[in-house]
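**Q** A predicted structure for the sequence below; I have some questions about it.
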Amino acid sequence: MSQQLASSDSTTREKREKLVEVRDLKTYYGDSGMFGGPPVKAVDGVSFNVFRGETLGLVGESGCGKTTLGRTLLQLEDATGGEVRYDGTDITELNSDQLYEWRRNAQMVFQDPDSSLNDRMTVGEIIREPLDVYEWETPADRRDRVRELLETVGLRPEHYFRYPHQFSGGQRQRIGIARTLALEPDFMVLDEPVSALDVSVQAEIINLLEDLQEEFGLTYLFIAHDLSVVRHICDRVAVMYLGNIMEIGPTEELFTDPANPYTHSLLSAIPAPDPTDTAERITLHGTPPNPRYPPSGCPFNTRCPARIRPPEYEHLDDEVWQGINTLRDVLLERKRADRSIRERIRERLGRQTRFATVEETYDELFGGLQIPANAESSIEQIVEHASNNDEEAALDVLTEEFGSICESEKPEYHTVSETGRKSFCHRHDGEHRQPSQVLEERY
Amino acid sequence: MSDTQHEKPMNDEEIRTDGGTDTGESFRQRVMDNPKPGAIWLTVLVLLIAPELGRFVDWMLALGGGIKFIFDGFVAAPAWIGSNFEDSLGFVAGAFATDITALLMLFVLAALLRGYLPFHPDTRLGLDLSRSRRVWFERGFLTTVFAAVTAVLVFTPLGALLRNEVGFYVGVLDSIGDMQTLISRETIPNHGYQTPAGDWEGTFLGLSPRYAWLTRFLLVWVYAAVFIGWLWQGYNVFREHYRAMDWTPRDDVIDRLRSHSWGVFGIVVVLGFIVLALFAPAIATYPIQENVYQPYAEDSEFKYFNEESGEVEMAHHGDANLDSRSQGEGSGTVSINEYDEYGRYAPLGTTPSGEDMMTHIAYGAQTSLTIAFVSITIAVFLAMLLSLASAFYGGIVDLMTIIGTDTIISIPIFVLVLMMSVVFSQGDVWIAEPMDGGFLLALIYAFAYMPGMWRSIRGPSLQVAQEEWVDAAKSYGQRPLAIMRKHMAPYVMSYLIIYGSLLIGGIIIVTSALSFLGYGVTEPTPEWGRLISDGRNAVATESWHVSTVSGAMIAIVVTGFNALGDGIRDAIDPQAEANATGNAGGGA
């Protein structure tokens, strides 16, 4: 997977120098303890490149792992697997001394300007601290440098002796940016730098960031969930879902002609300012799966609007499909849940337990729906297995009858345009119809 | 803290132009530019100190004595460990163990002081080491330097010379400390005798002892009030003329504390308590040496007017005490504001053993203050270190701290203190000597109260460890200790001040309770709790004052410390008052 990604990148963008290469990066939380259970897979095998001087956007729902990815790139989190090459060196392998030397190359702008500045220190002390850590020149030089930085980010040298409390959100974010600039880094991770600010201030900060990029030749990884901001500032965009990159490619192209079903649904969530716009919204059902138990196959398969369906059920009603998906979630959940002995006994005795009976679930999901006979018999079979507490068998039937490649196999990254844009979906493999066609038809 | 100045719009006109604008200026430069207010303040301060110079020097010497005591303990440690080895393994092993222990202690000292090295020795030597190697190199370098200095001091006559030199300076200070001060027993004596004619001989201006003592007593408070007021004025001068910042978050806290009347009451009581302890020699009616410690010594003899014989005679404090015992009915009780048969004035009456109560109360304040201050300082330091380390590192460090402190917490605090004080005072260890067990008690409190303190600041520590500025500091490679010191400690410190001031009250009560039971601070060191214990049988009699006065003092001081804690809490976090009233005391 990573090989393929890297090679297609190099064919399309040979001219540009790779600054950061990420290969199959994994960051799992909570797998250290004995009693932790399976780890939370915040970043689950991600590969991409960041080219020198560009702005790479990273978008996705909250909780999809984009902030963790950014923090792992700066080694604020330890990677569980994979590598991050910065200018050719794998920084996940550095020892503490080398890491200390490397850190001045890469800095981070944090999301919340209220929390990223220590408000017991003056602005001058805050901006000076990185310089002190690296024992940059003499203390007098450091003070001069801080005043210079304050001017660079649009503040005044007199603000040296003020406290963060005395500034507005936008000004505080400027202070944070000045601090990251102090050591003259090449690479900056901007973790939702404007999402906590007023809209008018957002524009100012975005412009400042663009100016700084031009002036100092910075490379940005811009993490955001505001798609319009991303479209404005980014050269390329990566779309993340549940620890995976679903699609990555040049911004304009990705926004005008998305390839991946997830990108489609994400973009359709942008409100259109045109009242005559009649395009149907793609609504995603349910919530993203628990990253501790990600679905097998494609991470998006539980909610995908363009999921590959078995041919005999291709034209099954959408609501029925939705019911089947929910039923599968419920079965998986039941399978995972540890039933205490007490609960088993209560169940035997016909008392109520904290698990609803499968029949209740069935009624809730499929009550009042027209279900074709062949589908109905399969569903009934599933329900029967489940009511005998044999979730394993029920799931087997469900997978056999309603499953597809989406659940059984992890997709590959398919190059979907000449610019090297890649999408993580089975539908690009040539055997199935393209996502856009399917979505057109289903919505 | 964010309400007054938060999000105040900035405009250029607001930026001050009177010297605070140039960011390059140092404090020294600002003083040079505008020396007048500072000079005036300093002159008045010197004028204030001058008449009481002897007393200030005495305090310094007492502090130095405390430091020397701890220092001597450390110096004695290697030889002590060495001798233990020598007993079992022979001379060579003993000498070896002594040296190793000494080197280890010097290494710890070097590690603590390394950050203050003004230059990097490795760059001077032309080595270019990586960061962690440099740290080890510098630690080793400093240890070597310290070891060399120690060796020179121990094995050459230079050490003896230095000791002589230090001894000489201490002697000079001692003689300054002996100088008569304005508000002292020598200047305003209150102990005299009546002539057959009825005049007072030997008292200040021939006043009766009652008024002579009262004059001195009031002068102490006036002096202390003026002095503290002038220190506050000094802060204002600094804030107005010499501070680079127009405003700091602390300004708001101070303003809120000043307008918090309950907190101000606490400050006044606590300051009064401290003044009572510091000025004990001047406030005590008689020198404690003569009245309490050595009542039969030669110095403890005094003249008095014997009414029976009608003549002026001599008596020892010890004998006089026997006739002035406040033990209930028919014991010759001397109550509040009375004279005994020897013409000795007792502002608060006498104790059951006939000693002067005022002397006991004043010196008892010294005992309580020292114990409370030493134990709280150690406990605060340890609790902060543990909570910051466990919040910052998490994982196994956190777990070990939890297990360790929970083990201590599981024993009821009073039982723990009682057990430890019995064990240590029976064991007759050297730390049990100062203050008749008071210092030992302070160490025991530090050990017993530290886990509770750690518990109560655990939440705030974990919270501040999650702040993004801690991540930011990590992202530019700040060292863990520096992150804890600069980015976490200031936020936890305010909680520790609150809990500390609340705990001081608890410590004073527990000390008194221990003395009441006959443990803790033993005779003859004065202690308030022992006074309650001694006088409790006579509460219903004419000797009611013994338990009542000491009990009231404890109640007032403890309330004062609690009020101070409440005041600081409300000043630091105005929202906390509305949210959770019982929260702050939770850990105590």
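**A** Sure, I can see it. Everything quoted here is computed from the prediction, not taken from an experiment.
**Q** could you give the mean pLDDT of the helix or strand hosting B:Met384?
**A** Using DSSP states H and E, B:Met384 maps to helix B:357-393. In this model, helix B:357-393 has a mean pLDDT of 93.
**Q** Could I have the CA atoms of the very next helix or strand once past it written out in CSV?
**A** Per DSSP H and E, the first helix or strand lying C-terminal to helix B:357-393 is helix B:395-409. In CSV, the C-alpha atoms belonging to helix B:395-409 read as follows (Å, rounded to 0.1, in the frame of the first residue of the first chain):
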residue,chain,number,x,y,z
GLY,B,395,1.7,5.6,34.4
ILE,B,396,3.9,3.8,36.8
VAL,B,397,5.2,6.9,38.6
ASP,B,398,1.5,7.9,39.3
LEU,B,399,0.7,4.4,40.5
MET,B,400,3.6,4.2,42.9
THR,B,401,2.8,7.6,44.3
ILE,B,402,-0.8,6.6,44.8
ILE,B,403,0.1,3.4,46.6
GLY,B,404,2.7,5.1,48.8
THR,B,405,0.5,8.0,49.8
ASP,B,406,-2.6,5.9,50.3
THR,B,407,-0.7,3.7,52.6
ILE,B,408,0.1,6.7,54.8
ILE,B,409,-3.4,8.1,54.5
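**Q** Can you list the buried residues in helix B:395-409?
**A** B:398, B:401-402, B:405, B:408-409 (16 or more other CB atoms under 10 Å in any protein chain shown). Where you see a C-beta, it was placed from the backbone N, CA and C, and this is true even at glycine.
**Q** do the same with stretch B:225-238
**A** Quick answer for stretch B:225-238 (16+ other CB under 10 Å): B:234, B:237-238.
**Q** how close does A:Cys64 sit to chain B?
**A** A:Cys64 sits 20 Å away from chain B, going by CB to the nearest CB, to the nearest Å.
**Q** what secondary structure does the nearest residue to that residue once chain neighbours are set aside sit in?
**A** Nearest residue to A:Cys64 in three dimensions, chain neighbours excluded: A:Met240, at 4.7 Å (CB to CB, 6 or more residues apart in numbering or on different chains). Following DSSP: H, G, I helix; E, B strand; the rest coil, we place A:Met240 in the strand state.
**Q** circling back to that earlier point, what's the angle between the helix holding B:Met384 and helix B:395-409?
**A** For helix B:357-393 against helix B:395-409, the angle by axes from the mean of the first three to the mean of the last three CA atoms, to 10 degrees is 150 degrees.
**Q** Okay, buried residues for helix B:357-393 please.
**A** B:357-376, B:378-380, B:382-384, B:386-392.
**Q** before we move on, what about stretch B:264-276?
**A** So stretch B:264-276, judged by 16+ other CB under 10 Å, has buried residues B:265-267, B:269-270, B:272-273, B:275-276.
**Q** secondary structure element for the nearest residue to B:Val374 once chain neighbours are set aside?
**A** Excluding the flanking residues, the one nearest B:Val374 by CB to CB, 6+ apart is B:Ala442, at 3.9 Å. Assessed by DSSP H and E, B:Ala442 sits inside helix B:438-465.
**Q** Show me what that helix packs onto, helices and strands only.
**A** helix B:357-393, helix B:395-409, helix B:413-427, helix B:489-517 (3 or more CB pairs under 8 Å, 6 or more residues apart in numbering or on different chains; DSSP states H and E).
**Q** where does the closest residue in space to A:Gly286 that isn't next to it in sequence fall, phi/psi-wise?
**A** Sequence neighbours aside, A:Arg303 is the residue nearest to A:Gly286 in space, at 5.8 Å (criterion: CB to CB, 6+ apart). For A:Arg303, the backbone dihedrals (degrees, to the nearest 10) come out as phi -120, psi 0.
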